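A.B. asks: Mind folding the following:
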Amino acid sequence: QVQLVESGGGLVQAGDSLRLSCAASGRTFSTYAMGWFRQAPGKEREFVSGISWDGSTTYCVAAVKGRFTISRDNAKNTVYLQMNSLKPEDTAVYYCARASAEFTTTRRNEYEYRVWGQGTQVTVSS
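C.D. replies: Numbers count the residues shown, from 1 in each chain. You can find the predicted model right below:
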């Protein structure tokens, strides 16, 4: 059974940076696309960024494009989300997720992911 554990969240000021990490247990990490989602208070969970199984393709939603970068290290079974120039509207619980199918490019929809982490809180003060 694969488990995902996020880390790296915290309380920062607007303009600061954070790097989130998501460590996967098991040996099936490297063949699956991965994604980051977030859920702000009172809002539905939304897709933020995704990366293909081999890291060759990435995608970020418009709200974070140019500020957030997703990457992965398959040797370490870890996916990262580098977040720069953070804004108060980035405040949310951030979740990483593993796609349902192997060997796919970036996935953008929640239903395309099967395994989820427990989330890590990111709070950006103004």
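A.B. asks: alpha carbons only for contacts and neighbour counts from here, please
C.D. replies: Noted.
A.B. asks: any idea of the mean pLDDT for the longest strand along the chain?
C.D. replies: Secondary structure of the chain per DSSP state E: the longest strand is strand 92-102. In this model, strand 92-102 has a mean pLDDT of 96.
A.B. asks: how far out from the middle of the chain is that strand?
C.D. replies: Once both centres are worked out by CA atoms, centre = their mean, to the nearest Å, strand 92-102 turns out to sit 7 Å from its chain's centre.
A.B. asks: For the most centrally placed residue in the chain, which non-adjacent residue is closest in space?
C.D. replies: In the chain, the residue lying closest to the centroid (CA atoms, centre = their mean) is residue 36, at 2.3 Å. Of all residues beyond its chain neighbours, the one nearest residue 36 is residue 96 (4.5 Å), with distances taken as CA to CA, 6 or more residues apart in numbering.
A.B. asks: can you pull the contacts of that neighbour?
C.D. replies: By CA atoms under 8 Å, 6 or more residues apart in numbering, the residues touching residue 96 are 4, 6, 22, 34, 35, 36, 37, 116, 117, 119.
A.B. asks: Next: residue 125.
C.D. replies: Per CA under 8 Å, 6+ apart, neighbours of residue 125: 11, 12, 13, 14, 87, 88.
A.B. asks: what is it paired to in the beta sheet?
C.D. replies: residue 13 (DSSP bridges).
A.B. asks: distance of it from residue 13?
C.D. replies: Applying CA to CA, to the nearest Å, the value for residue 125 to residue 13 is 5 Å.
A.B. asks: list the residues that contact both of these two?
C.D. replies: residue 87.
A.B. asks: ok, back up a step: among the contacts of residue 96, which pair sits farthest apart?
C.D. replies: Longest distance between any two of the contacts of residue 96 is 14.3 Å, between 34 and 119; criterion CA to CA.
A.B. asks: Which one of the two is surrounded by more residues?
C.D. replies: residue 34 (35 against 22; other CA atoms under 10 Å).
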